[in-house]
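# the amino acid sequence is not available; the structure is as follows:
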């Protein structure tokens, strides 16, 4: 049985891939892309991500890839469909995927919850591509692989895998407006750890003291602790971590602005820990540019930016969203996504980032096995 650390890659790729599909699906709906074209984008991405030979190679025991190599995998996944993202949009997409999964890993109350999170991603993907039998079959195969690979892991092995994931995300503290507005992220990009929730199966409430005699429990008492009331016993229901948190936001944005006489709410409604929502803005311009804009545009903030340098909703897609390529006498529909809002500061930041990525990539070449398989897919 391989160690938990050597089985980190499947959990990393499956969960971040699930987050990517959530974001793309939410954005395609928000932009009112025709249903058939949206489904084709999602189906193509899912089919490539769960290509049998790729999954087979992914589940082989191996060390965790670097951030740069992992980014290359998702570059090819995102462009395996008729959709095209420029570098800035891909940067924002990857940052939002990474921070979303990092939040879920940090919020786990026990290492076993990582498998529940993975199953939530796979189950939700099955629902999103339910009209495509081939893709559903590939997802079912991956679910079987997850159950057989991780169902027999010990607690120590699962904990080692969680530590490996936390190390992978350790220095990644991208500020995401979704988390900032929901107050699950500090202004420095670090994520808040909840001090309450539902306990794992078999766990005792904080402050529980049990007395034993001859190896048999004779009595038990509950001592008062600072946050005892914030925890509840296990309900037996799978965690909500890993579900699609963008569905509620999409429903809010599609509902339109409130009546003029009604002021915009200042806080999100009470929610489950893994389903953050954003305030409903008061005007159409705020709807498209401020409150929902950054989430709908796959955005996360890389350092502070001027308030005027906004990432506008209408700039993500060009005027000619679906256009035919003229090469080879054949036409192919391609979604061109331009996520840049031109500014001198953004160009300077991009230049610095590319220079840093070039220095890092020179230290360790990207592994070729998984990437080559993705090209073949």
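Received it, and whenever you're ready, just let me know what you need. Given the structure is predicted, the values throughout are model-derived calculations rather than measurements. Numbering: from 1, shown residues only.
# pLDDT below threshold where in the chain?
The chain contains residues with pLDDT under 70 at 1-2, 248-377.
# list the buried residues in the longest helix anywhere in it.
In the chain, with assignment by DSSP state H, the single longest helix is helix 8-30. Neighbour-count burial for helix 8-30, counted by 16 or more other CB atoms under 10 Å, picks out 8-30. Quick note: C-beta positions are derived from backbone N, CA and C, even for glycine.
# swap in stretch 228-245?
Neighbour counts over stretch 228-245 (16+ other CB under 10 Å) mark 231, 239-245 as buried.
# got a list of contacts for it?
Residues from elsewhere that reach stretch 228-245 (CB atoms under 8 Å, 6 or more residues apart in numbering): 15, 18, 22, 25-26, 100, 104, 107-108, 113, 116-121, 124, 178, 195-203, 205-207, 222, 272-276.
# other SSEs contacting whichever strand or helix holds residue 54?
In the assignment (DSSP states H and E), residue 54 maps to helix 52-58. Using 3 or more CB pairs under 8 Å, 6 or more residues apart in numbering; DSSP states H and E, the elements in contact with helix 52-58 are helix 8-30, helix 133-150, helix 369-376.
# distance to residue 161 added to these, as a markdown table?
Shown next, in a markdown table, are the helices and strands packed on helix 52-58 (distance: least, CB to CB, whole Å):
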| stretch | distance to residue 161 |
| --- | --- |
| helix 8-30 | 5 |
| helix 133-150 | 8 |
| helix 369-376 | 18 |
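# of all those helices, which lies closest to residue 68?
helix 369-376 (11.5 Å; CB to CB).
# the chain: strands as residue ranges?
Taking DSSP state E as the test, the strands found in the chain are 83-85, 197-198, 208-213, 216-222, 231-232, 317-324, 333-337.
# so what's the closest residue to residue 38 other than its chain neighbours up against?
By the measure of CB to CB, 6 or more residues apart in numbering, the closest residue to residue 38 outside its immediate chain neighbours is residue 28, 4.2 Å from it. Counting by CB under 8 Å, 6+ apart, residue 28 touches 37-38, 41-42.
# and the residue nearest to residue 106 when sequence neighbours are not counted, bridged to which residues?
Spatial nearest neighbour of residue 106, chain neighbours left out: residue 191 (5.2 Å); criterion: CB to CB, 6+ apart. Beta bridges link residue 191 to residue 185 when assigned by DSSP bridges.
# residue 191: how many residues sit nearby?
Neighbour count for residue 191, taken as other CB atoms under 10 Å: 19.
# now it: how far from residue 180?
Distance, residue 191 to residue 180, using CB to CB, to the nearest Å: 11 Å.
# buried ones in stretch 123-138, by neighbour count?
124-126, 128-129, 132, 135-136, 138.
# now swap in stretch 56-76 and tell me
Quick answer for stretch 56-76 (16+ other CB under 10 Å): 57-59, 62, 64-67, 69-76.
# repeat that for stretch 85-93.
Applying a neighbour-count criterion of 16+ other CB under 10 Å, one finds 85, 88-93 buried in stretch 85-93.
# if we can go back for a sec, which of the buried residues of stretch 228-245 lies closest to residue 81?
residue 244 (18.8 Å).
# need phi/psi at the closest one.
Dihedral pair for residue 244: phi -80, psi 100, per degrees, to the nearest 10.
# which of the contacts of residue 28 ranks first by neighbour count?
Most surrounded of the contacts of residue 28: other CB under 10 Å gives residue 42, at 22 neighbours.
# give the contact list for that one.
Going by CB under 8 Å, 6+ apart, residue 42 touches 21, 24-25, 28, 81, 128-129.
# at 6 Å instead, please
Applying CB atoms under 6 Å, 6 or more residues apart in numbering to residue 42 gives the contacts 25, 128-129.
# quick check: it vs residue 191, distance?
Distance from residue 42 to residue 191, by CB to CB: 28 Å.
# please apply the same query to residue 233.
Residue 233 is 26 Å from residue 191, by CB to CB.
# next one: residue 15
Applying CB to CB, the value for residue 15 to residue 191 is 16 Å.
# alright, I will stop here.
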